[in-house]
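> whatever this is, show me its structure:
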Amino acid sequence: MSKALAWIRKSKGDESDVGLEGQRELVPALANEVADEVEVLDLGIHTGFSTMTRDDPAGLLDQNERVQKHVDRLQAGEYTHLVALDDRRVCRDEYFSVIQYASEQGDTEIVYVADVNEDDLTFDLKRRIERDTKEEEIEKSRRAIERRKEHGYDHGRPRYGMTYDANGHYQVPGENFDTVLEIFQLDNAGKSRREIADAVDVPLGTVQNVLNRREWYVEREKMA
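Next comes the predicted model:
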């Protein structure tokens, strides 16, 4: 079953932003067209900037726990689609490349209500530069991943319960690895995935990802 994440956000005082009520109507409507199930992340009036470009003590996009949780779920492959009015409603700086990378890792398609053509005359110079910069960062990330693959190293954010070794080459058991082992034990005992998620107090999607990669976890434990 396909599942879409409808991402809604408006910058305070930005007259170019479509109002929240408009987004709350348009974005879920498109999400329902592309997926069987829809989950809404409604950030309301919230900055689109992150710690990658701002030095504020709090309130930035990547410091929002709801944003962090949903980016993790994107990377875990819990959504087939990420739907927003346009890319600026998702994020307004380089943190967008982090969200885009998480979507690529989770095989999530990003869909916009207002799919803007880069050649459109209304597309200002600053926006063009921002997008070019994002594409360049994404390409650098892809090249770095390819180099790691060539050496047989792991890549991407550590999976649940794992961390990178001292050389940064391979993922090894980390802080929550005991929970990974508990998930395996409960699965062996015949518990359902929902029962396991409730027992270990982690999201159902995390339990599913751990169990789907059981052999990988066992291999990495032996390597450590």
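
> need the contact list for Q63.
Contacts here follow Cβ atoms under 8 Å, 6 or more residues apart in numbering; on that basis Q63 touches S50, T51. Using the backbone N, CA and C atoms, a C-beta is placed for each residue, glycine as well.

> what about 10 Å?
Each residue near Q63 by Cβ atoms under 10 Å, 6 or more residues apart in numbering is listed here: T47, S50, T51, R54, D56, P57.

> same list, these, but as CSV with secondary structure, distance to V71 and pLDDT please.
Putting the contacts of Q63 into CSV (DSSP: H, G, I helix; E, B strand; the rest coil; distance: Cβ to Cβ, whole Å; pLDDT from 0 to 100) gives the following:
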residue, secondary structure, distance to V71, pLDDT
T47, coil, 16, 92
S50, coil, 11, 91
T51, coil, 14, 88
R54, coil, 18, 84
D56, coil, 19, 71
P57, coil, 21, 63
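
> which of those tops the neighbour count?
In terms of neighbours by other Cβ atoms under 10 Å, the contacts of Q63 top out with S50 at 22 neighbours.

> ok, now how distant is that residue from L85?
Distance from S50 to L85, counting by Cβ to Cβ, to the nearest Å: 19 Å.

> ok, then the element right after the helix or strand bottoming out on mean pLDDT in the chain?
Within the chain, no helix or strand scores below helix 125-150, which has a mean of 66 by mean pLDDT, DSSP states H and E. Scanning forward in sequence from helix 125-150 by DSSP states H and E, the next helix or strand is strand 162-164.

> give me the contacts around the helix or strand just after that following strand.
Remark: after strand 162-164, the chain's next helix or strand is strand 171-173, criterion DSSP H and E. Residues from elsewhere that reach strand 171-173, judged by Cβ under 10 Å, 6+ apart: 153-159, 161-166, 180-181, 216-217, 220-221, 223-224.

> what helix or strand is the residue nearest the centre of the chain on?
By Cα atoms, centre = their mean, the mean C-alpha position of the chain lies nearest to V71, the distance being 2.7 Å. Using DSSP H and E, V71 maps to helix 65-76.

> now do L5
Per DSSP H and E: strand 3-10 holds L5.

> which strands or helices does that strand pack on?
Here strand 3-10 touches helix 20-34, strand 37-45, helix 65-76, strand 81-84, helix 87-90, strand 109-112, going by 3 or more Cβ pairs under 10 Å, 6 or more residues apart in numbering; DSSP states H and E.

> and of these, who's closest to R193?
helix 65-76 (13.7 Å; Cβ to Cβ).

> against the centre of this protein, work out the most remote residue.
Computed with Cα atoms, centre = their mean, the residue of the chain farthest from its C-alpha average is A189, at 31.8 Å.

> check the spacing between that one and H70 real quick.
Taking Cβ to Cβ, one finds A189 at 31 Å from H70.

> rebuild the contacts of Q63 as TSV, extending it with distance to R142.
Supplementary listing: the contacts of Q63 in TSV, determined by distance: Cβ to Cβ, whole Å:
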residue	distance to R142
T47	28
S50	21
T51	23
R54	26
D56	30
P57	33
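
> about what we covered before: pick the most buried one from the helices and strands packed on strand 3-10.
strand 81-84 (a mean of 25; mean count of other Cβ atoms under 10 Å).

> list the contacts of it.
Against strand 81-84 from outside (Cβ under 10 Å, 6+ apart): 2-9, 23, 26-35, 38, 40-41, 70-71, 74, 90-91, 99-100, 102-103, 106, 108-114.
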